[in-house]
Structures are given as structure tokens and as C-alpha cells.
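Chemist: turn this into a model:
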Amino acid sequence: MNISFLDQMRSLLAAAALAVSDPRPRGKFLSLAFGLLCAAKPKTITSALEWLEQRQEDWSADYRLFSQAHWDCQDAFLPVFRQALASGACGRERVYTGQDDTLVRKTGRKIPGVTYARDPLSPPFQVNLVLGQRFVQTSLLLQPGGPEHPWRAVPVSFTHAPTPKIPKHAGPQEQAAIKEVRKKHRLSIVALEQLNFCRRQLDLQPGGTLRWLIDVVDGGYSNRTFFRGLPERTEAVARMRKDAKLRAYLPPAQRPGARKYGPNLPTPLESLHDPNLPWQSCPVFVAGKVRSLEYKELYNLCWPKVTQTRPLRLILIKAPGYRLRKGSKLLYREPAFLITTDLTTPAAELIAAYLARWEVEVNFRDEKTLLGVGQAQVRNPQAVARAPAFLVACYGMLLWSAIRVFGDRRTEAFESLPAWRNTEPARPSTRDLIRLLQRQAADCQLNQTRN
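Modeler: As a prediction, this is how the structure comes out:
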């Protein structure tokens, strides 16, 4: 049976609203979700209520949904996460996730969780500081249209990761206590908590204990804390530095005395230029088409400073250096060095998954520019963490509804493309989805008015 995009969104929101223990504010959960998605910028609670035509009503209940109501942000992602794990778009043997952190800019220094951080858009020769909140996101990496269709990253977790401040006049004991708390708020610790949540949800699925969870992260998570805290039946693929000091893996039976490792190995950059290591080729879908990448593979090595004696595999990817059109900028001019704890999955599959991690960056762009994550003017300590997570959960429902209803393809249900577009996009954009939701919601309101 065909279901409309609006009805699919309603179904997911109704299931997510069950995260609120009190049934009375659940209606606010649904109405604010549509209001924040469809309202004009800035994406504040006020603009959402304006779109809902509730200008003359009491707004306090809408703000209490984020500041006082009893519900867990993580539970709002469960309907999408469970449906995606059970669908054919998710791997039957291996489930891929991508993780990264982002900075949501703010203007007030007194907002809970706001601190000065390095501006990622600052030039390399001048590091700038900006005010903002730090969040960690985990997205499920899917390829709903097949191997020759773009990947899609669907958010399944969005956690506030503030760094507690040390008061100016704190005593030695208070400073020591706050430093211990700061260790628990490290980005790697928050990412591991999300990864454990994903592993538990996967185990609850039929046959989930037999499926491996493979997490793809950037170089910021290639550290001792992250790799040593991986859950059971979970592997990681991460970018590593080119001058890392590696050692050969030594089986336990061949470790005399206190010796743990074999001889020193060349650095990843030296291995990349080693003529004795043969190049291999694999086709991957990247930048709109299937392209051929060359890589090298090394087994049975260790990274003592990060994973100690755990055996690893090193994947060296040659810089392809291609152009999207004649005379355009040369892309991918630098090689990539990947380290993974997965010793059995084909390297071509891991490379494709790592390239798909870029979709998490696409999530961040859509969340900040189109959805206005972080624009809600809330000051309550609980609300500053809930309001952005609530909107990201709605964004995940938007993407998953497009996959369920349209197969992640742009159909006639969307607005026609402008005349200057000479190519058909492979999938609908987030702007297309928001406009479709606005149009169907307006038609539904008009029909209700006539009836």
C-alpha cells in the first residue's frame, strides 16, 4: 500500500513521541516537529509557533517540553534506527556507522555548555576562536539505491559534549574533581557511549548478534581511548597520521620474556612509496560516478601507542587526483592512510564505507544551514542539549521517510527543476524534502478547514 510522505513522517513522529513518559505533552512533540521543519528562518520555537498559527496561545508548555518534561534524547532516534536496521538498505552481515563532532556556534557566553573553541573555518596560518557548543553525532551509513547510487547518512544519535569549566576560585580538591569530570566528557568517550548504544540496539534485532558493527571515524578518534574501548563485535576504520610508528605483530606463543612486538616497520608514508608492495585496484562510487582507486594493503602489524598488541591492518590509498570538469580544481591530491581492526572484510568495501563517511559532513551542513540546529533561543541547561538533538532526530525522520517512500530518488512528487539545471540529480536534496513536507502539510490543513 502506498503511503504519502506526510503520513510516513507522522508515523515516525508518533512513535518517537512515546519517548515522553507523560502523555500530555506528546501532542507538543508532534506539532513542534512539523513547526521547526516547515517554519521560516530563524528556526526558533517562536517561528515554529508562528507557522502553527499559535500566536495567541500560551507558549510555556512548548518550552517546558525541552526544559522539564521527562524524556531521553536518544529515544527520539529509536524508530528510525530500528526500521533502518531491519530494512534491506542496511547490510545483513555488516552494519556501517560514521561518527564525527561538530561545533554549533552561539553568541551568548552565559549559555550552559557554551565555550570558546577553535574555528574550523579559520585559515591554517591564523587560528581563530569562536563561541559554540560541541556535539557528537553518529549516523547510519546506507546505500538504498544500490552500488551505483550515492550513500545516505541517517543520524541515529546526537549528544551534547560540553567541557565543564573550572571556577576561578576553586580549591585544589574541587579542581581535581572537575578534571575527573572533564575526562568523562571527552569526545572519544562520548563517541564510545553512542557506539555502545548502537551495538545494544543491533543485538536486539533478530539475528543482530551475528552482525558486525563497523564504525568509520576521522583522524581525531585515532587514539588510545577510542580504540581500546570498542564494544564487542565492533570494528573501527580510522584515518591515521602518515608518520606513525608501527611494529610487526608477534603471536603470543612467540613472545619470549617481556617482548610484545616484532621488528619495527616502515611508516605509512614510507610503505606508500615502497616499490615492493604491489598496487591493487577497486571500483568505488564517489563524486557522482563509479571510479577506480588504487590501494596497498598490509597485514599483521601493531600500533603500540594506540592499540598495543592488537593486530591491525593498514590500507594505503593512492591520491586519484581527478577533475569534475575540464579546467576545474584538482581534487583528492593527498593520499589517505587508513588503520582498521577488521582483518577479514574486503578492503574495497572498507574504502567505500570510509568515503561514505563524508555524508556525515553533509548532515552537518544541512542541519546548520537548512534546519537551523542551535538557533533555538533556550537557556535551560537541559533544553540547550535537547532542542538541537530534537531537531536532528526530526531530520533523521525526514531522510528515512524519503528512503521509505521514494527509494531515495527524485520523483515527480517533487517540484520541477529550474531551467538552468541540465542534469537530473540522483536523489532529492534536503531542501526538496522540506518543500514537499511544507506543501503536503499546507494541503492537509486546507482540507481540514474545508471539512
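
Chemist: CA only for contacts and neighbour counts going forward, please
Modeler: Will do.

Chemist: which residues of the chain fall in helices?
Modeler: Ranges of helices in the chain, per DSSP state H, are 5-17, 26-38, 45-51, 60-67, 78-86, 172-184, 187-204, 224-228, 268-272, 347-356, 358-369, 383-406, 430-450.

Chemist: who does the first one touch, helix- and strand-wise?
Modeler: Just to be clear, that refers to helix 5-17. Counting contacts by 3 or more CA pairs under 8 Å, 6 or more residues apart in numbering; DSSP states H and E, helix 5-17 is packed against helix 26-38, helix 78-86, helix 383-406, helix 430-450.

Chemist: mean confidence (pLDDT) on the first one, please.
Modeler: Put plainly, it is helix 26-38. The pLDDT scores in helix 26-38 average 91.

Chemist: contacting residues around stretch 350-364?
Modeler: 96, 98-100, 102, 139, 141, 151-153, 155, 216-217, 237, 284-286 (CA atoms under 8 Å, 6 or more residues apart in numbering).

Chemist: sorry, that was for stretch 122-133
Modeler: Residues contacting stretch 122-133 (CA under 8 Å, 6+ apart): 103-109, 113-119, 160-162.

Chemist: got the CA coordinates for that stretch in CSV?
Modeler: Extracted in CSV, the C-alpha atoms of stretch 122-133 (Å, rounded to 0.1, in the frame of the first residue of the first chain):
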residue,chain,number,x,y,z
SER,A,122,39.9,29.7,10.2
PRO,A,123,42.9,29.7,7.9
PRO,A,124,45.8,27.5,8.8
PHE,A,125,48.1,30.4,9.4
GLN,A,126,45.7,32.1,11.9
VAL,A,127,43.7,30.1,14.4
ASN,A,128,40.5,31.9,15.4
LEU,A,129,38.3,31.3,18.4
VAL,A,130,34.5,31.3,18.4
LEU,A,131,31.8,30.6,20.9
GLY,A,132,29.9,27.4,20.4
GLN,A,133,28.6,24.1,21.7
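
Chemist: what average pLDDT does it get?
Modeler: 89.

Chemist: check stretch 392-410 too.
Modeler: Here the average pLDDT along stretch 392-410 is 93.

Chemist: can you give the distance of that stretch from its chain's centre?
Modeler: 15 Å (CA atoms, centre = their mean, to the nearest Å).

Chemist: run through the bridge partners of the closest residue to Phe158 other than its chain neighbours.
Modeler: Nearest residue to Phe158 in three dimensions, chain neighbours excluded: Gln137, at 4.5 Å (CA to CA, 6 or more residues apart in numbering). Legend: beta-bridge partners of Gln137 under DSSP bridges are Asp100, Phe158.

Chemist: of all the helices and strands packed on helix 5-17, which lies closest to His273?
Modeler: helix 78-86 (40.5 Å; CA to CA).

Chemist: buried only: go through the contacts of stretch 350-364 for me.
Modeler: Buried by 16 or more other CA atoms under 10 Å: 96, 98-100, 139, 141, 151-153, 155, 216-217, 237, 284-286, out of those.

Chemist: now, among those, which is nearest to Ala393?
Modeler: Distances from Ala393 to the buried ones among the contacts of stretch 350-364, taken by CA to CA, are shortest for Pro155, at 7.0 Å.

Chemist: any idea how far the nearest residue to the closest one once chain neighbours are set aside is from Ala84?
Modeler: Leaving aside its sequence neighbours, Pro155 sits nearest to Ser139 (CA to CA, 6+ apart; 4.0 Å). Note on Ser139: its distance to Ala84, by CA to CA, to the nearest Å, is 11 Å.

Chemist: what's the overlap in contacts for those two?
Modeler: With CA under 8 Å, 6+ apart, Ser139 and Ala84 have no common neighbours.

Chemist: which residues does the nearest residue in space to Leu338 that is not next to it in sequence contact?
Modeler: Using CA to CA, 6+ apart and skipping the chain neighbours, the partner closest in space to Leu338 is Arg239 (4.5 Å). Each residue near Arg239 by CA under 8 Å, 6+ apart is listed here: Val217, Asp218, Gly219, Ser222, Ala336, Phe337, Leu338, Ile339.

Chemist: circling back to that earlier point, looking at the helices of the chain, which is nearest to Pro252?
Modeler: That would be, of the helices of the chain and by CA to CA, helix 224-228, which comes in at 18.6 Å.

Chemist: show the average pLDDT along the closest one.
Modeler: Helix 224-228 comes out at a mean pLDDT of 91.

Chemist: residues of it that come out buried?
Modeler: Result for helix 224-228 [16+ other CA under 10 Å]: buried residues Thr225, Phe226, Phe227.

Chemist: just how off-centre is that helix within its chain?
Modeler: Worked out by CA atoms, centre = their mean, helix 224-228 lies 19 Å from the chain centre.

Chemist: and for stretch 224-240?
Modeler: That offset, for stretch 224-240, works out to 16 Å (CA atoms, centre = their mean).
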